[in-house]
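In: next comes the sequence, and after it the predicted model I'd like to discuss.
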Amino acid sequence: MARSSSGRSLERIKREIADQRLRRSSDIRESDKWDAQRRITSLRASLFKFPDENELCRHAIVGGVAALQTYHRGFLADVMEKEAEFRLRGAEMLGEKYFLGDTLRHIGDEQLSAAELIAHAAPANSVNDLMNWLDHIFGASFKDLLANAVHPSVRKNPRGNPPILENVDEVLSALSDIFQKRHILAHEAAVGYEISADAALTALDAIQKWIDATDGVLWQTILINEPYTQLKMNFSASDSLFAARKRLAEAMMRCRDLSDRQQNAALLRNHVAWKNATLEFGEISFGRLDGTMWPAVRAGVLTALFEARSSALEEWSSYLDM
């Protein structure tokens, strides 16, 4: 039976997403934001160093939009991964672009998640593209959300704190102008089309403002109850790991209570080996990276591994108890 065109398209998308993952600075979803900001910072530094290089100024517009598109699709994937309702709204935006059967065969295999597929298909070539998707996924006027977005550190008590964007319309207008310039520069030789260093820097500033404001919306909605500072993130991750280890200990005790002596001895040997290997992995991977964020990442990875082990033991104990 011939494969459908949507099946071939999904195979191509899987390869594209896999390639994009390899080009990220990290496997962590938030790396899309970090990478976009690093690109903007690099472009800004180059403009300050060579302000009279018109071709560099032109490139800054194209590179800035590329950073914005990377961030936007990463942002969409992130919010849809966190909220099933948002994921369903995102799927509505796809319409009938992919056949359901083809899609189900590809998602959930660690190569392509539903959120990644949807975000990958999202257009990001104009302000309308950005806002249409964000309006629908958030189920509200994203412009209003932007107007009320404050710095994440004061999100639980926003009254009296200035919004991130003083004028949303001004930023949206600037982004619209940037998209238009980028279209010209990416699709035409336009040898007489000059961009000044000041104009390029202003464009990069507008893109950074967009990133800051949309991130503020994220923290005021989906992440409203999540820790914001790195110290609080580390404490929260440590608490989660402690709870996971407690659950695992309880699952082990139940299995040992229900198993015979031979099973008990084998389980204990296996568990000691598993625990040592798991903790060693946490130490030789994220435990050796420099930076204040990595303890939380390490704890998150270990928590997932402990939770998976607990689930397996709990399932086994349910059969032992029959």
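Out: Here it is on my side, so go on. A quick note: this is a predicted structure, and the numbers were derived from the prediction, not measured. Numbers count the residues shown, from 1 in each chain.
In: can you say which helix or strand has F242 in it?
Out: In this structure, F242 sits in helix 230-258 according to DSSP states H and E.
In: so which elements touch that helix?
Out: On a contact count with 3 or more C-beta pairs under 8 Å, 6 or more residues apart in numbering; DSSP states H and E, helix 230-258 meets helix 261-284, helix 294-320. All C-beta spots, glycine's among them, are computed from the backbone N, C-alpha and C.
In: can you pull the buried residues of that helix?
Out: Within helix 230-258, the residues that count as buried by 16 or more other C-beta atoms under 10 Å are 233-234, 237, 240-241, 244-245, 247-248, 251-252, 254-256, 258.
In: among those, which one sits closest to L305?
Out: Nearest to L305 among the buried residues of helix 230-258 is A244, at 8.5 Å by C-beta to C-beta.
In: how near is the closest one to G300?
Out: 10 Å (C-beta to C-beta, to the nearest Å).
In: likewise A249?
Out: Shown here: A249 relative to G300, a distance of 19 Å by C-beta to C-beta.
In: repeat that for S196.
Out: Distance from S196 to G300, counting by C-beta to C-beta: 45 Å.
In: which one of these two has more residues nearby?
Out: Using other C-beta atoms under 10 Å as the criterion, S196 and G300 rank with G300 on top: 17 against 13.
In: need the contact list for that one.
Out: A237, S240, L241 (C-beta atoms under 8 Å, 6 or more residues apart in numbering).
In: after the lowest-mean-pLDDT helix or strand in the chain comes which helix or strand?
Out: Scoring the helices and strands of the chain by mean pLDDT, DSSP states H and E places helix 100-106 at the bottom, with a mean of 48. Using DSSP H and E, the helix or strand that follows helix 100-106 towards the C-terminus is helix 114-121.
In: which neighbouring elements make contact with the helix or strand just after that following helix?
Out: Going down the chain from helix 114-121, the next helix or strand is helix 127-138, by DSSP H and E. Secondary-structure packing of helix 127-138 (3+ C-beta pairs under 8 Å, 6+ apart): helix 54-82, helix 84-94, helix 142-147, helix 168-187.
In: okay, those helices in CSV with mean pLDDT and mean neighbour count next?
Out: Formatted as CSV, these follow (pLDDT from 0 to 100; neighbours: other C-beta atoms under 10 Å):
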stretch, mean pLDDT, mean neighbour count
helix 54-82, 94, 21
helix 84-94, 87, 16
helix 142-147, 95, 18
helix 168-187, 96, 17
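In: looking at these, which is closest to T41?
Out: Checking these against T41 by C-beta to C-beta gives helix 54-82 as the closest, at 9.8 Å.
In: which secondary structure elements does that closest one contact?
Out: Applying 3+ C-beta pairs under 8 Å, 6+ apart, we find helix 54-82 packed against helix 31-49, helix 84-94, helix 114-121, helix 127-138, helix 168-187, helix 197-220.
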